[in-house]
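[1] what follows is a protein structure lacking sequence information:
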Ligand SMILES: Cc1ncc(COP(=O)(O)O)c(C=O)c1O
């Protein structure tokens, strides 16, 4: 069965498994909706980057982009494998530290860092601030001076390259709010080099996300190389080059994704001999296909030209379809022929040792219970499901849980990290009381 994603998500006897565990067992034990990740898939994705980068003689560091999935267990796993982190807020810094991450391997990106966030990162001793504007440069110098520190900086340069991805996740065009135009970068570097509380260490660039063609990345690097030469001529040598994240994943079975080597090898070749350490900030590629969202069908409602499969997950759990019209492959967890012999888990259908009988395939939209027409997980799918069945929304490890909300007062899903035969609960399901715990009424 051609599933997009990791080989650690697979059908065994027509029942979808994550590593050695059948998803109906996880649903029975932990409930739905449920985010399920594979430890082996996460580790393999990071190891692939690290192994390709070994061919770069001047050193490298993979800084996982925390925003993509910021669960402490995932940060801890990557930290133990030697990863650094790319953060975009003080909250993400606290998460990295709480997970045992090394602050000396943290880069701080983002257009709107507050003084408090800059100060916290200076106190923690991070590796580098990816500065996005002249105003931020001055602010960072002032905050560092007040604390008696020197801030390591790189400028995030905007190379004006079209990443040919969804406009909401394209960041390297000149119309974008991110980065400093290439033409203005040398003057700003000269300014930075004169500021007493800054130490210029690198150049940074991130052009967008979900790129299935690595050529825009290669083009962006070609545009940065003359800047490095200009800076060297002006006596501002660089120690590192941070090429951001953005490598895409396969969401649809018919898509192909470039290998990490396809993406990185030409860049390593271009940078060779310049004495630059290479930093990368991948996110989606490390976690996207290492996770899925498990959901149960509440009911099937006939519509005029298709059925509505109403499930217990919604746009508050996974907003990507509503926000970017993103595609997630949706599959039945127990196929029609399955003989599921685990604990009674697939409430409506799977009975111990009995063939599962399901309705025939129909055209349907998979929708959640939220009061928005944009609340869909997938449209125009062909599925054979009935109330009580389980569905798996694949490739949901990236920008899933981390973009979730409590809209419609819906408690957020639990998260499980599967390691072989062992499910680890890495975030308990929220209760409704959790949702209003921070609120209070005014006096009568
Ligand atoms: C500065 C920065 N670095 C890294 C990333 C991670 O990107 P991706 O998940 O596409 O690898 C992002 C996300 O857009 C980002 O804004």
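    Arrived safely. Keep in mind it's a predicted model, so treat the numbers as computed, not measured.
[2] residue 326 against residue 251, yeah?
    Yes: look at residue 326 against residue 251 with Cβ atoms under 8 Å: they come within range, at 7.2 Å. Where C-beta positions appear, they are placed from N, C-alpha and C, glycine not excepted.
[3] compare those two (neighbour count), which wins?
    residue 251 (22 against 19; other Cβ atoms under 10 Å).
[4] got the phi and psi for the more buried one?
    For residue 251, the backbone dihedrals (degrees, to the nearest 10) come out as phi -100, psi -30.
[5] quick one: average pLDDT of the helix ranked longest in the chain?
    If you go by DSSP state H, the chain has its longest helix at helix 215-233. In this model, helix 215-233 carries a mean pLDDT of 95.
[6] same thing with stretch 333-342?
    66.
[7] cool, stretch 93-102 as well?
    Averaged over stretch 93-102, pLDDT sits at 98.
[8] do the same with stretch 415-423
    For stretch 415-423, mean pLDDT rounds to 98.
[9] which residues does that stretch contact?
    With Cβ atoms under 8 Å, 6 or more residues apart in numbering as the test, stretch 415-423 has contacts from 18-21, 26, 29-30, 34-40, 71, 73-74, 77, 401, 424-427.
[10] what about the residue lying closest to residue 94 once chain neighbours are set aside, helix or strand, and which?
    Take residue 94 and drop its neighbours on the chain: the residue closest to it by Cβ to Cβ, 6 or more residues apart in numbering is residue 120, 7.9 Å away. Assessed by DSSP states H and E, residue 120 sits inside helix 115-124.
[11] buried set for that helix?
    Buried residues in helix 115-124, defined by neighbour count with 16 or more other Cβ atoms under 10 Å: 117-122, 124.
[12] over to residue 382. Which of the three states is it?
    strand (DSSP: H, G, I helix; E, B strand; the rest coil).
[13] and it, how many neighbours does it have?
    So residue 382, with other Cβ under 10 Å, has 9 neighbours.
[14] cool, and residue 82?
    The local packing of residue 82 (other Cβ under 10 Å) involves 12 other residues.
[15] contacts only, for it.
    Contact analysis of residue 82 by Cβ under 8 Å, 6+ apart lists residue 50.
[16] still on that earlier bit, the contacts of stretch 415-423 in strands, which ones?
    18, 21, 34-38, 424-427 (DSSP state E).
[17] just the buried members of these?
    18, 21, 34-38, 426-427.
[18] hmm, which two among those residues are most spread apart?
    21 and 427 (17.5 Å; Cβ to Cβ).
[19] spell out which parts of the stretch 151-300 of the chain neighbour the ligand.
    Neighbours of the ligand within the stretch 151-300 of the chain, by Cβ under 6 Å from any ligand atom: 171, 206, 209-210, 244-247, 281-285.
[20] rank those residues by pLDDT and give me only the lowest.
    Comparing these by pLDDT, residue 171 comes last, at 67.
[21] so where's this protein uncertain?
    1, 164, 166-175, 337-358 (pLDDT under 70).
[22] nearest the middle, which residue of it would you pick?
    residue 68 (2.5 Å; Cα atoms, centre = their mean).
[23] check contacts around it.
    Contacts of residue 68 (Cβ under 8 Å, 6+ apart): 283-284, 286-288, 398-399, 402.
[24] neighbour count and secondary structure added to those, as JSON lines?
    As requested, the contacts of residue 68 are exported to JSON lines (neighbours: other Cβ atoms under 10 Å; DSSP: H, G, I helix; E, B strand; the rest coil):
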{"residue": "283", "neighbour count": "24", "secondary structure": "coil"}
{"residue": "284", "neighbour count": "25", "secondary structure": "helix"}
{"residue": "286", "neighbour count": "29", "secondary structure": "helix"}
{"residue": "287", "neighbour count": "30", "secondary structure": "helix"}
{"residue": "288", "neighbour count": "29", "secondary structure": "helix"}
{"residue": "398", "neighbour count": "25", "secondary structure": "coil"}
{"residue": "399", "neighbour count": "24", "secondary structure": "coil"}
{"residue": "402", "neighbour count": "16", "secondary structure": "helix"}
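[25] next, format the residues you listed as CSV and append distance to residue 269.
    Below are these laid out as CSV (distance: Cβ to Cβ, whole Å):
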residue, distance to residue 269
283, 24
284, 24
286, 23
287, 28
288, 27
398, 28
399, 31
402, 34
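[26] which one among the residues you listed gets closest to residue 320?
    Nearest member of the contacts of residue 68 to residue 320, counting by Cβ to Cβ, is residue 399, at 5.9 Å.
[27] residue 159 contacts residue 206, doesn't it?
    No: counting by Cβ under 8 Å, residue 159 stays clear of residue 206, with 10.0 Å between them.
[28] strands of the stretch 101-250 of the chain, residue ranges please.
    Residue ranges of the strands in the stretch 101-250 of the chain, as given by DSSP state E, counting those that start in this stretch, are 106-108, 128-131, 151-158, 180-181, 198-204, 240-242.
[29] pick the most deeply packed of those strands.
    Among the strands of the stretch 101-250 of the chain, strand 128-131 has the highest mean neighbour count (mean count of other Cβ atoms under 10 Å), at a mean of 28.
[30] does the ligand have contacts with it?
    No: taking Cβ under 6 Å from any ligand atom as the criterion, strand 128-131 and the ligand are apart, separated by no less than 7.0 Å.
[31] what packs against that strand?
    Counting by 3 or more Cβ pairs under 8 Å, 6 or more residues apart in numbering; DSSP states H and E, the packing neighbours recorded for strand 128-131 are strand 106-108, helix 134-147, strand 151-158, strand 198-204, strand 240-242.
[32] try 10 Å
    If contacts are counted by 3 or more Cβ pairs under 10 Å, 6 or more residues apart in numbering; DSSP states H and E, strand 128-131 sits against strand 84-87, strand 106-108, helix 115-124, helix 134-147, strand 151-158, strand 198-204, strand 240-242.
[33] starting at the chain centroid, how far to it?
    Distance of strand 128-131 from the chain centroid (Cα atoms, centre = their mean, to the nearest Å) equals 20 Å.
[34] just checking: what are the partner strands of that strand?
    Strand 128-131 has the following strand partners under DSSP bridges: strand 106-108 (parallel), strand 151-158 (parallel).
[35] next, format those strands as CSV and append distance to residue 182.
    CSV is the format used below for the strands paired with strand 128-131 (distance: least, Cβ to Cβ, whole Å):
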stretch, distance to residue 182
strand 106-108, 20
strand 151-158, 6
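[36] for residue 228, which of those is the nearest?
    strand 151-158 (10.3 Å).
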